[in-house]
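K.L.:
based on what follows, work out the 3D shape:
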Amino acid sequence: MNDPIAMKPLSRLPSGPMVDAYTLTNVHGVSVRILTYGGTVQSIRAPDRDGTLDDIVLGYDHLERYLESPRYFGCLVGRYAGRIAGGRFAIDGRAYELDRNDGDNCLHGGRAGFDKAVWTAKAQETRAGAQVSLSHVSPDGDMGFPGELTVQATYELTRGNELRLELRATTTAPTVVNLTNHTYWNLAGLDARHVRDHELQVLAHGVLATDETLCPTGEILDLAGSELDYRQPRILAEELDHTFVLADRKRGVLAPAARLSHPATGRSLDIATTEPCLTAYTGWGGIALETEHAPDAPNQPNFTPTLLRPGVVWKSTTVFKLDAT
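P.N.:
Sure thing, here's the model as predicted:
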């Protein structure tokens, strides 16, 4: 039987920090490998209906590939997931200029976002399974964002084949926060080349309209009769790069958001979250299902706000439930 927690040093970055890999394994043989570089989910091994284990997320075998890649495989994204239009926003009448790494926009926190940070890790067994807690301090002015932001991300693999992600953040000055995990899933396994044989269901009531730069316009489109209506499970027939507004949301309450399944292997992934939106993005042979607040919410007054002030704890929970039938 494998140990529930294993840690392996990988290599030291040119800038100095050592990068470690933590592997969490449960009693069913499901395992999750997490790197301290970017808080990255490097691999998830899970059984199909016949009990055969395979890696069901996209990742690189070598750390050097993560240092070079622009693809956000498996990482924690921050300070702000998605795009902020024009790389700017205002708080209390004061304007802030951000790092622009996507044309004129700021994407996923800028070119040196949380995906490029080496997080401090601590692992322990829990009543439900095993977890690794990662922490990072983003200084005031980092990529243009105000306030020193202290972040904790806890991954827990349970005996019930759930991967729970708990995110927490506090700030020393008013700022905006939108954190997510950017894992690409392919339930067919490591050798699969596409996800067009997967079924997707998203429990949404609308989808964000976007402009030519993929920033939200502020309009929420009805799903009925559209090609993006995934309210009932159906085969992934087209490329996706859209943010869905989830249905029946209550602030801070964990609720079902989406289901991804692969009929040929029997594997399925159910996602529940406290977040109001889910961005679905297909690329490189996988699909990212990012639970988050809306992109560009700091500039869109009708979106759920992302403002965080000192003395308040920002919280987010997402649960990825694996099964095979």
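K.L.:
burial count for the residue nearest to R100 when sequence neighbours are not counted?
P.N.:
Closest residue to R100 apart from its sequence neighbours, by C-beta to C-beta, 6 or more residues apart in numbering: G87 at 4.0 Å. No exception for glycine: its C-beta is placed from N, CA and C like everyone else's. G87 has 21 neighbours, counted by other C-beta atoms under 10 Å.
K.L.:
my guess is G87 contacts G109. True?
P.N.:
No: contact between G87 and G109 fails when scored by C-beta atoms under 8 Å: they sit 11.3 Å apart.
K.L.:
and the residue nearest to the spatial centre of the chain, what are its bridge partners?
P.N.:
Compute the mean C-alpha point of the chain, and by C-alpha atoms, centre = their mean the closest residue is N181, 1.6 Å away. Beta bridges link N181 to L76 when assigned by DSSP bridges.
K.L.:
that one touches V41, doesn't it?
P.N.:
Yes: at 6.8 Å, N181 and V41 qualify as touching, with contact defined as C-beta under 8 Å.
K.L.:
spit out the residues that contact these two alike.
P.N.:
74-75 (C-beta atoms under 8 Å, 6 or more residues apart in numbering).
K.L.:
dig out what the closest residue in space to S268 that isn't next to it in sequence forms beta bridges with.
P.N.:
Leaving aside its sequence neighbours, S268 sits nearest to S261 (C-beta to C-beta, 6+ apart; 4.1 Å). On the basis of DSSP bridges, S261 is bridged to E199, S268.
K.L.:
so who does S261 touch?
P.N.:
187, 198-199, 233, 267-269.
K.L.:
from those residues, pick the one nearest T306.
P.N.:
Of all those, T306 sits closest to L269, with 26.1 Å by C-beta to C-beta.
K.L.:
now the closest one. Nearest residue, chain neighbours left out?
P.N.:
Nearest to L269 is L260, by C-beta to C-beta, 6+ apart, at 4.5 Å.
K.L.:
can you report how many residues lie near that neighbour?
P.N.:
By the criterion of other C-beta under 10 Å, L260 has 25 neighbours.
K.L.:
do the same with H242
P.N.:
Considering only other C-beta under 10 Å, H242 is surrounded by 19 other residues.
K.L.:
secondary structure element holding the nearest residue to it once chain neighbours are set aside?
P.N.:
Excluding its sequence neighbours, the residue lying closest to H242 (C-beta to C-beta, 6+ apart) is V207, at 5.3 Å. Assigned by DSSP states H and E, V207 belongs to strand 204-210.
K.L.:
what about the helix or strand just after that strand, distance to the chain center?
P.N.:
Remark: after strand 204-210, the chain's next helix or strand is strand 216-222, criterion DSSP H and E. Per C-alpha atoms, centre = their mean, to the nearest Å, the displacement of strand 216-222 from the mean C-alpha position of its chain is 22 Å.
K.L.:
can I get strand 216-222 in CSV? Just the C-alpha atoms.
P.N.:
C-alpha atoms of strand 216-222 as CSV (Å, rounded to 0.1, in the frame of the first residue of the first chain):
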residue,chain,number,x,y,z
PRO,A,216,-16.7,40.6,-21.3
THR,A,217,-19.0,43.3,-22.6
GLY,A,218,-21.1,43.2,-19.5
GLU,A,219,-24.0,41.4,-21.2
ILE,A,220,-25.1,37.9,-20.1
LEU,A,221,-26.5,35.8,-22.9
ASP,A,222,-29.3,33.4,-22.6
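K.L.:
what residues does that strand touch?
P.N.:
In contact with strand 216-222 (C-beta under 8 Å, 6+ apart) are residues 85, 206-211, 228, 243, 245, 294-296, 300, 302-303.
K.L.:
got the contact list for R164?
P.N.:
131, 154-158, 317-320.
K.L.:
now do 7 Å
P.N.:
156, 158, 319 (C-beta atoms under 7 Å, 6 or more residues apart in numbering).
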